[in-house]
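Colleague: Fold the following.
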Amino acid sequence: MRDAEARAIAAGVSSKALMEAAGAKVAEVAMRAWTRRPVAVVCGPGNNGGDGFVAARRFAEAGWPVKALLVGDRDKLRGDAKLMADIHEGEIAAFSPGGLESAGLIVDALFGTGLDRDVEGRARIAIEAANDHPAPVLAVDLPSGINADTGAVMGVAIKAARTVTFFKKKPGHALFPGRAYGGAVDIVDIGVTAEAVAEMRPDTFENHPALWGRAFRRPAWNAHKYARGHVFAVSGGPANTGAARLAAMGALRIGAGLVTVLSPEDALAANAAHLTAIMLRKADSAGEIAESLQGADKYVRIALIGPAAGVGEATRDKTLAILNTDARAVIDADALTSFKSEPQFLFRALRANDVLTPHTGEFERLFGEIGAEGKLAAARAAATKAGSIIVLKGADTVIASPDGRAVINVNAPPELATAGAGDVLAGFIAGLSAQGMPGFEAACAGVWMHGAAAQIAGPGLIAEDLPAAAPAVFRSLLSPPKPQEADQADG
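Modeller: Below is the predicted model of the structure:
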């Protein structure tokens, strides 16, 4: 955003005009979202506070009762923030919790996107007072106290009912815990035009079908099952077969032409009792799994290993055998943990279109603690280190590519916190990969469709409901197929 503003200014938009537009939009959103009421605008000493002074002036011009409360010293205001404070004709009082007493709406204009240390002193008192007050809070740009890059709470943070942000969202709007503090987010135009930032090449995105829709392969009129790819899901032992079947069903429902469960001999009966459209093949050893993948068919093959596979040397050997074939791989759960003592063996074998799907615990076993740099940076670094796609799962799943692109998913409902949901996700990604989507796009699409399926299934969902909801997700995305003309015969 700082780069975008600098480019806009270079193109002829003044910084004062940007601040004037930002403050005006804050007041406009507030007056649209709430009925007329007394407003307390809590301003910090920087540009965010400058936006607040503009908003206070616009409230006053519209006839709303308003007071501006400054956290900091008036004589330390500089630049555009000082200008907007001087233009404001009403009183600018030093902040005290008592200044909020009659407020029916609090505007948080303390900090913007530059916060890089814990909030303390007078700013902390102001945030705590606003959070303790019954009036709703409208945050300017980002709730004060939230790190714009990581979503972390910097000691204490505003709990906003609504947030007005400028030009584009910031990662802190999409990543937890920050996402839980912002309420509804309004993205407003303040004069930063697309032309002014034409040379920018963003590499962080919110997950959306527009990102991967062109890579989605809808079956052609002459398609057949082999053209839609073949997924092989590796099963655990006789008491641990359900997870692989969930993944296999996810792959089949998402569109893979064929799905085969590769099962140890002693688990064949358990798997056979539950499988119909999904095929079953005996494969006890790493060598048998590799042979199944090499000898299957000439079309796209995807191997999925990890769900309830068992942690240990046998699973590690099976994973390496898969990576030594030309089948692409989706690696999950136990297959990831099996490399916790020697992750470099896994990293050396991975290819660019392979997909790893760890939750936080599995991620940290391979890559170390996420730390202060946050989930987004950690996933990016892991993708570079592994040389493959990373799907760092959670309420704010991050998908990262070795080329630096990263996507934050925002559509997952909390009902996805249920056993087996991650197995289905691995199956969705494998099934989309089998149909020819590149690994990164398949991962983004699989994660988004997984969230959409959970929304359709609704409260009370269990993992088995997710594949069943996939057709409804497709109906929401795809227009009806167009009639196909038959080939014209020669002569």
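
Colleague: buried set for stretch 104-122?
Modeller: For stretch 104-122, the buried set under the neighbour-count rule, 16 or more other C-beta atoms under 10 Å, comprises 104-113, 115, 119, 122. Every residue, glycine included, has its C-beta placed from N, CA and C.

Colleague: so how far is that stretch from its chain's centroid?
Modeller: Averaged C-alpha coordinates place stretch 104-122 at 25 Å from its chain's average position (C-alpha atoms, centre = their mean, to the nearest Å).

Colleague: what does stretch 185-198 give?
Modeller: On C-alpha atoms, centre = their mean, the centre of stretch 185-198 falls 22 Å from that of its chain.

Colleague: shaky segments in the stretch 201-350 of the chain?
Modeller: With pLDDT under 70 as the threshold, the stretch 201-350 of the chain has low-confidence stretches at 295-297.

Colleague: Now do the helices in it.
Modeller: Using DSSP state H, counting those that start in this stretch, the helices of the stretch 201-350 of the chain run over 209-212, 242-253, 268-272, 286-294, 313-323, 333-337, 343-349.

Colleague: next one: the stretch 1-150 of the chain
Modeller: Taking DSSP H, counting those that start in this stretch to define them, one finds helices in the stretch 1-150 of the chain at 2-10, 15-33, 47-61, 79-87, 121-132.

Colleague: Out of those, which one sits most buried?
Modeller: helix 47-61 (a mean of 26; mean count of other C-beta atoms under 10 Å).

Colleague: For it, what does the pLDDT average out to?
Modeller: Across helix 47-61, the average pLDDT comes to 98.

Colleague: That one to helix 2-10, inter-axis angle?
Modeller: Compare the direction of helix 47-61 with that of helix 2-10 by axes from the mean of the first three to the mean of the last three C-alpha atoms, to 10 degrees and you get 60 degrees.

Colleague: Which strands or helices does helix 47-61 pack on?
Modeller: Using 3 or more C-beta pairs under 8 Å, 6 or more residues apart in numbering; DSSP states H and E as the contact test, the elements touching helix 47-61 are helix 15-33, strand 39-43, strand 66-70, helix 79-87, strand 105-109, strand 137-140.

Colleague: Any idea which of these gets closest to F339?
Modeller: Closest to F339 of those, according to C-beta to C-beta: strand 137-140, at 42.3 Å.

Colleague: Report the separation between P38 and L83.
Modeller: Using C-beta to C-beta, to the nearest Å, one obtains 26 Å as the distance from P38 to L83.

Colleague: Also T163?
Modeller: If you measure T163 against L83 using C-beta to C-beta, the figure is 25 Å.

Colleague: for E373, same thing?
Modeller: As it turns out, when the distance is counted by C-beta to C-beta, E373 lies 36 Å from L83.

Colleague: before we move on, what about A453?
Modeller: Counting by C-beta to C-beta, the separation of A453 from L83 is 52 Å.

Colleague: returning to what we had before: ok, of the buried residues of stretch 104-122, which one's closest to V261?
Modeller: Among the buried residues of stretch 104-122, T113 lies closest to V261 (C-beta to C-beta), at 48.6 Å.

Colleague: Find the nearest non-adjacent residue to that closest one, please.
Modeller: The shortest distance from T113 to any residue other than its chain neighbours is 3.8 Å, reached at A148 (C-beta to C-beta, 6 or more residues apart in numbering).

Colleague: before we move on, what about G23?
Modeller: Here the nearest residue to G23 in space, its sequence neighbours aside, is V54; by C-beta to C-beta, 6+ apart that works out to 2.3 Å.

Colleague: Was I right to think the one you found contacts E20?
Modeller: Yes. Checked against C-beta atoms under 8 Å, the pair V54 and E20 is within contact range at 5.7 Å.

Colleague: Need the residues touching each of the two.
Modeller: Residues within reach of V54 and of E20 at once, by C-beta atoms under 8 Å, 6 or more residues apart in numbering, are M84.

Colleague: Using JSON lines, lay out the buried residues of stretch 104-122 together with pLDDT and distance to V447.
Modeller: Compiled in JSON lines, the buried residues of stretch 104-122 are given as follows (pLDDT from 0 to 100; distance: C-beta to C-beta, whole Å):
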{"residue": "G104", "pLDDT": "98", "distance to V447": "40"}
{"residue": "L105", "pLDDT": "98", "distance to V447": "36"}
{"residue": "I106", "pLDDT": "98", "distance to V447": "36"}
{"residue": "V107", "pLDDT": "98", "distance to V447": "35"}
{"residue": "D108", "pLDDT": "98", "distance to V447": "32"}
{"residue": "A109", "pLDDT": "98", "distance to V447": "35"}
{"residue": "L110", "pLDDT": "98", "distance to V447": "34"}
{"residue": "F111", "pLDDT": "96", "distance to V447": "31"}
{"residue": "G112", "pLDDT": "86", "distance to V447": "30"}
{"residue": "T113", "pLDDT": "89", "distance to V447": "26"}
{"residue": "L115", "pLDDT": "90", "distance to V447": "29"}
{"residue": "V119", "pLDDT": "97", "distance to V447": "33"}
{"residue": "R122", "pLDDT": "97", "distance to V447": "42"}
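
Colleague: For burial, what's the neighbour tally of K282?
Modeller: Residues contacting K282 under the criterion other C-beta atoms under 10 Å number 13.

Colleague: same question, G229
Modeller: Neighbour count of G229, defined by other C-beta under 10 Å: 27.

Colleague: Give me the distance between it and R2.
Modeller: When distances are taken as C-beta to C-beta, G229 and R2 turn out to be 44 Å apart.

Colleague: Out of the helices of the stretch 201-350 of the chain, indicate the one that is most buried.
Modeller: Counting by mean count of other C-beta under 10 Å, the most buried of those turns out to be helix 242-253, with a mean of 28.

Colleague: could the buried residues of stretch 104-122 go into CSV alongside distance to P264?
Modeller: Compiled in CSV, the buried residues of stretch 104-122 are given as follows (distance: C-beta to C-beta, whole Å):
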residue, distance to P264
G104, 66
L105, 63
I106, 61
V107, 62
D108, 58
A109, 62
L110, 60
F111, 57
G112, 57
T113, 53
L115, 53
V119, 55
R122, 65
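
Colleague: on that earlier part again, I'd like the helices of the stretch 201-350 of the chain written out as TSV, with distance to R475 added.
Modeller: As requested, those are exported to TSV (distance: least, C-beta to C-beta, whole Å):
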stretch	distance to R475
helix 209-212	13
helix 242-253	13
helix 268-272	31
helix 286-294	33
helix 313-323	34
helix 333-337	30
helix 343-349	38
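
Colleague: hang on, V261 packs against A283?
Modeller: No. Taking C-beta under 8 Å as the contact criterion, V261 and A283 are not neighbours in contact, 9.1 Å apart.

Colleague: got the contact list for G172?
Modeller: Taking C-beta under 8 Å, 6+ apart as the definition of contact, the neighbours of G172 are 113, 142, 146-151, 178-179.

Colleague: Also I462?
Modeller: 418-420.

Colleague: can you pick the most crowded of the residues you listed?
Modeller: G420 (19 neighbours).

Colleague: quick check: domain ranges of this structure?
Modeller: Segmentation of the chain into domains, based on automatic domain parsing, reads 2-202, 209-477.

Colleague: Please compute how far the shortest one lies from its chain's middle.
Modeller: Relative to the chain's own centre, domain 2-202 is displaced by 24 Å; criterion: C-alpha atoms, centre = their mean.
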